[in-house]
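Asks: here's a sequence, model it:
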Amino acid sequence: MRVTIDKSRCIAAGQCVLNAPFVFDQGEEDGIVILLKENPAPEQEEHTRRAARLCPAEAIKLHD
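Replies: Numbers count the residues shown, from 1 in each chain. From the prediction side, this is the model:
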């Protein structure tokens, strides 16, 4: 799995960090998503998929 993000769509809701903290972080000043791992470990894939599904701005894209 490969993860991409569209920072211009991010509304800083934080669902990504809550669901996959080893894959995503948020900027301290603006809360915008920061991608920590473009290719998450297999044990993080379920959490990463949940984060993408729950992102209200659809700023996370998954590529299998």
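Asks: all contacts plus neighbour counts: C-alpha atoms, from now on.
Replies: Noted.
Asks: and for Glu46, the neighbour number?
Replies: 12 (other Cα atoms under 10 Å).
Asks: so it, which state does it fall into?
Replies: helix (DSSP: H, G, I helix; E, B strand; the rest coil).
Asks: tell me the pLDDT of it.
Replies: For Glu46, the model assigns a pLDDT of 98.
Asks: gap between it and Gly31?
Replies: 23 Å (Cα to Cα, to the nearest Å).
Asks: likewise for Cys16?
Replies: Taking Cα to Cα, one finds Cys16 at 11 Å from Gly31.
Asks: neighbour count: those two, which is higher?
Replies: Taking other Cα under 10 Å, Cys16 and Gly31 do not tie; Cys16 has more neighbours (29 against 14).
Asks: what's the closest residue to the more buried one other than its chain neighbours sitting at in phi/psi?
Replies: In space, and not counting its chain neighbours, Cys16 is closest to Ala51: 4.5 Å by Cα to Cα, 6 or more residues apart in numbering. Ala51 adopts backbone torsions of phi -60, psi -40, taken as degrees, to the nearest 10.
Asks: I'd say Ala51 and Phe22 touch.
Replies: No: counting by Cα atoms under 8 Å, Ala51 does not reach Phe22; the two are 11.4 Å apart.
Asks: neighbour count winner among those two?
Replies: Ala51 (23 against 17).
Asks: pLDDT score for the more buried one?
Replies: 98.
Asks: cool, His63 as well?
Replies: 98.
Asks: follow-up on the earlier one: tell me the contacts of the residue nearest to Cys16?
Replies: 15-20 (Cα atoms under 8 Å, 6 or more residues apart in numbering).
Asks: now the buried members of those residues.
Replies: Neighbour-count burial within these applies to 15-17, 19-20; the criterion is 16 or more other Cα atoms under 10 Å.
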